[in-house]
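Participant: Show me how the following folds:
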Amino acid sequence: MPATSVAGSHICQAEENRIPLVMQRLRSQFAGTTAPSRGVNSCALCPKCIPTSTSAGQKWPNQVHSLARRACICGTCSLSNTSPQRKRVKSLNALFAGKSRSSFDGQTRNFRKRGFTLVELLVVVAIIGLLLALLMPSIQSAREASRRTSCRNNLKQQGVAFELYHNTRRSYPYGSFDHSKRQISWSVYLLPFLEDAAMADRFDFKQKYNHPTNRAVVSTVVPVFICPSVVRMATGRDTFTVGDKNNNGTYDDGDWAAANDYGGNYGSSLATPKDNGVLLYNRVVKHREITDGTSHTIILAEDTGRGWQWDGEWANGANVFDQIGGVNLQQNNEMWSDHPAGVQVLLCDGSVQFVANNTDTNALLSMCTRSGQEMTGDATSN
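Facilitator: Coordinates of the predicted model:
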């Protein structure tokens, strides 16, 4: 800054405590330098605001004149808004402001930074919480709809596999092939038609399903047999497998076998004969035997979350159910699901339907028989 500009400024002791911080820093920066000799009352702007004498070599006073604040404390000078002096004050202010930004880089500025108050922060948090509360049900509903669609696709794939099997073998597979206590499930026979022929080739049909030679196969999780909505796990279920049956820490026959969340329809124990379903023990069923109609007869239904105590292994031939009541009343080899309000079932014609919890029991049981000649009514929905 030119010396004349600073020397020409007025000095006022009364303004000491009211000058801006940037003026204090400017004063401290220039402290120790000498002002040019101007003589008594050498400032023509405001003689009352300067010392009575200013000699050559005298140190600058420790005050900065109120010109920097656009006013003179004496009130008698001609610093009006339109005067040339006033314009000079504005120029000095701009010069000092520029000096404060360029010369004191890195120093702490005593500005009051604007931030959130506690009340404002709490209001924002409350609004966000309210929005989440409103959105979460919709998000959960969308996720469940996606899981239900995935489950439906699993049943559809198995429906196609059943039809391919029937077209090839002229019948549906055994519900359980139990000769010599092998207890091989219908799901093992479906593997070649589910594009898992390699796994089927590794399975030894001459041995029990849980024989050590079949361990690698039966412990493999088959995604199409898993419902993604499963939450309620029964005793003996460990996510996608049935776990360690006797908790001895070693592999025994059937330990860690992969699970199946879909059970074959053995029929209804309340109807005669007892094995009046489609997937039976040691017996196959053909299309012509389903006199109730393939579009009115269940072949597969959700029976989710079962462990080894309730025959939840996909290779276990006991993975069939005989329905004795309504939907979602018990998990032990009955229609059971974690989808809201009902279960999904696969009909013999390959279609997938939804059976609600409040479905009439008689209508439901009539769909579990293949030749009972019952009236099913509106037991299912898409």
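Participant: contacts, neighbours, all on C-alpha from now
Facilitator: Will do.
Participant: okay, now the domains of this structure?
Facilitator: By the assignment in automatic domain parsing, the chain contains the domains 3-103, 145-367.
Participant: Give me the phi and psi for residue 204.
Facilitator: With angles defined as degrees, to the nearest 10, residue 204 sits at phi -90, psi 100.
Participant: tally of neighbours for the nearest residue in space to residue 328 that is not next to it in sequence?
Facilitator: Spatial nearest neighbour of residue 328, chain neighbours left out: residue 336 (4.6 Å); criterion: C-alpha to C-alpha, 6 or more residues apart in numbering. Counted with other C-alpha atoms under 10 Å, the burial measure for residue 336 works out to 26 neighbours.
Participant: do residue 278 as well
Facilitator: By the criterion of other C-alpha under 10 Å, residue 278 has 29 neighbours.
Participant: what do you get for residue 135?
Facilitator: Applying other C-alpha under 10 Å, we find 11 residues neighbouring residue 135.
Participant: immediately after the helix or strand where residue 126 lies, which helix or strand?
Facilitator: Residue 126 is located in helix 118-169, with elements delineated by DSSP states H and E. Later in the chain than helix 118-169, the nearest helix or strand by DSSP H and E is strand 176-177.
Participant: lowest-confidence stretch among the domains of the chain?
Facilitator: Of all those, mean pLDDT reaches its minimum on domain 3-103 (a mean of 47).
Participant: all helices of the chain, in order?
Facilitator: Remark: helices assigned in the chain by DSSP state H are 3-7, 21-30, 84-103, 118-169, 186-190, 197-202, 215-218, 361-367.
Participant: my guess is residue 319 meets residue 307, correct?
Facilitator: No: using C-alpha atoms under 8 Å, residue 319 makes no contact with residue 307, being 10.8 Å away.
Participant: all strands of the stretch 201-350 of the chain, in order?
Facilitator: 262-268, 298-302, 320-323, 342-347 (DSSP state E, counting those that start in this stretch).
Participant: Which strands or helices does the shortest one pack on?
Facilitator: The reference is to strand 320-323. Strand 320-323 makes packing contacts with strand 262-268 when contacts are defined by 3 or more C-alpha pairs under 8 Å, 6 or more residues apart in numbering; DSSP states H and E.
Participant: which strands and helices sit next to the strand it packs on?
Facilitator: So strand 262-268, by 3+ C-alpha pairs under 8 Å, 6+ apart, packs with strand 298-302, strand 320-323.
Participant: Deepest-packed of the ones you listed, please.
Facilitator: Stretch with highest mean neighbour count among these: strand 298-302 (a mean of 28; mean count of other C-alpha atoms under 10 Å).
Participant: Contacts for it, please.
Facilitator: Residues outside strand 298-302 that contact it (C-alpha atoms under 8 Å, 6 or more residues apart in numbering): 155, 261-265, 277-279, 335-337, 343-348, 367-369.
Participant: One more pass at 7 Å, please.
Facilitator: With C-alpha atoms under 7 Å, 6 or more residues apart in numbering as the test, strand 298-302 has contacts from 261-265, 278-279, 335-337, 343-348, 367-368.
Participant: Could you list the paired strands of that strand along with their orientation?
Facilitator: Strand 298-302 has its sheet partners listed here by DSSP bridges as strand 262-268 (antiparallel), strand 342-347 (antiparallel).
Participant: and the first one with helix 118-169, angle?
Facilitator: Just to be clear, that refers to strand 262-268. With axes from the mean of the first three to the mean of the last three C-alpha atoms, to 10 degrees defining the directions, strand 262-268 sits at 60 degrees from helix 118-169.
Participant: Name the residues that touch strand 262-268?
Facilitator: Strand 262-268 is contacted from outside by 175, 225, 274-280, 298-304, 319-324, 365, 368-369, using C-alpha under 7 Å, 6+ apart.
Participant: Could you do the shortest one as well?
Facilitator: By C-alpha under 7 Å, 6+ apart, the residues outside strand 342-347 that reach it are 155, 159, 294-302, 327, 335-337, 352-357.
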